[in-house]
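In: kindly return the folded structure for what I paste below:
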Amino acid sequence: MSAQKIRVGIIGVGCRGYNLLKEAICKRENVEVVAVCDEYLDRAEAAAALVKELDNNDAFITTDYRDVLKMDNVDAVVISTAWEAHIQVSIDAMRAGKIVGCEVGGAYSVDDCWQLVRAYEETGTPIMLLENCCYGQYELMVLNMVKKGFMGEVVHCRGGYHHDLREEVSFGRENRHYRLRNYMHRNGENYPTHELGPIAKVLNINRGNRMISLTSTSSSAKGLNAYLMEKKGPDYDLTGFPFAQGDIVTTVIRCAHGETIVITLDTTLPRAYSRGFEVRGTKAAYFEDTHSVFEDGKHNEFDLDWKPQWNNAETYREKFEHPIWQKFLNDGLRGGHGGMDGLVFDAFFEAITDNRPMPIDVYDMAAWMCITALSEESIAKGSAPVAVPDFTGGRWCLRTEEPDWAFALSKICE
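Out: I've put the predicted structure just below:
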């Protein structure tokens, strides 16, 4: 693409979409927001007012995303709708020739993921899953450790979406939030990519490795009922509702070269936030919840008294801080979620401008999102093993590393 501004339409401007506009998209010299869309007109109007305030630009307002896709002056779209619309809107956008940046969530069926891949392969329209956690400071530091051999051979990884969402789900009617209907009727690993994305990059998924099978197990669902009893009382109609979504869902994934991954959904019981990122190698390990590194030959004497070593990962930053974060800290943090939102959009817009392959591409998107549908299937079958499709059509063992580029996630570019 030429040096002209990237003209962007934002589809879905609820809480997430509005905050992306405010924190990560507006005020970019090379981006112009020309359209905003939401099924709720008041949200679209509020987003347009924000664009006017921040960029002094009059964005087109609509409640039908197809209006945005028909606009000749839209180069790319950012999709931040409810989960169930992500894949269909992405497909329609690619077929309309609009470059796609899609927010995260889980797929509703494996067939949806296949349709997504086919639309990309038939159109060649670039698409990127906007998984901001792939650009987290410590996720990238650990990726750097792995790529430089510090961890040895990685055997096992763990992650989770540990986030108390009881208020968000319970007040879903008032806030018009899609999570409520999902928790009422579905049971599975509904939000896998925050933890799985960084792990997939550590394990070279779709680039020399792939996920081959999983099992998923769900606990009972008690957290939302207890919360609603406290907040809304016994007479509220949802207080006694038999929510389908289990409080804790544990999914175990096996990879082609024998590595294992454990991911946990944990959103309806009281707890502190964590993504539980953990990488275990033959030479070292990283544990997010204690922000600690265990280095073989150095820390063995502390194995029964580890608490004094909590937070020792800070001592590894000088050597292993990822080049992306070295530059980011020097230039000044921007964007929400501690800067991750700013970085994932830096990558997206720079890939468009420089005609580079998307660092989180359609094959990543399909492989990570399908875990939701497969998890539901496994749980429904009593935690039975379920095969993970190969969306690359066998090319996972042939795909090479990305070209040298600061935002590449399959290699470290100094």
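In: for stretch 70-80, which residues meet the burial criterion?
Out: 71, 74-80 (16 or more other CB atoms under 10 Å). The C-beta positions use only the backbone N, C-alpha and C, and glycine is treated the same way.
In: could those go into CSV alongside secondary structure?
Out: As requested, the buried residues of stretch 70-80 are arranged in CSV below (DSSP: H, G, I helix; E, B strand; the rest coil):
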residue, secondary structure
M71, coil
V74, coil
D75, coil
A76, strand
V77, strand
V78, strand
I79, strand
S80, coil
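In: with pLDDT and distance to V293 added, can I get those in JSON lines?
Out: Putting these into JSON lines (pLDDT from 0 to 100; distance: CB to CB, whole Å) gives the following:
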{"residue": "M71", "pLDDT": "98", "distance to V293": "49"}
{"residue": "V74", "pLDDT": "98", "distance to V293": "45"}
{"residue": "D75", "pLDDT": "98", "distance to V293": "43"}
{"residue": "A76", "pLDDT": "98", "distance to V293": "39"}
{"residue": "V77", "pLDDT": "98", "distance to V293": "40"}
{"residue": "V78", "pLDDT": "98", "distance to V293": "36"}
{"residue": "I79", "pLDDT": "98", "distance to V293": "37"}
{"residue": "S80", "pLDDT": "98", "distance to V293": "35"}
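In: can the residues you listed go into a markdown table with extra columns for distance to A347?
Out: Shown next, in a markdown table, are the buried residues of stretch 70-80 (distance: CB to CB, whole Å):
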| residue | distance to A347 |
| --- | --- |
| M71 | 24 |
| V74 | 20 |
| D75 | 17 |
| A76 | 13 |
| V77 | 16 |
| V78 | 13 |
| I79 | 16 |
| S80 | 17 |
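In: can you give me the strands for the stretch 301-414 of the chain?
Out: Taking DSSP state E, counting those that start in this stretch as the criterion, the stretch 301-414 of the chain carries its strands at 386-387.
In: do the same with the chain
Out: Using DSSP state E, the strands of the chain run over 6-11, 31-37, 60-62, 76-79, 99-102, 127-129, 154-162, 211-218, 248-255, 260-266, 278-281, 284-287, 292-295, 386-387.
In: pick the most buried one from these.
Out: Of all the strands of the chain, strand 99-102 has the most neighbours on average by mean count of other CB atoms under 10 Å, namely a mean of 27.
In: hmm, who's touching it?
Out: With CB atoms under 8 Å, 6 or more residues apart in numbering as the test, strand 99-102 has contacts from 75-79, 86, 89-90, 93-94, 125-130, 345, 348, 352, 365.
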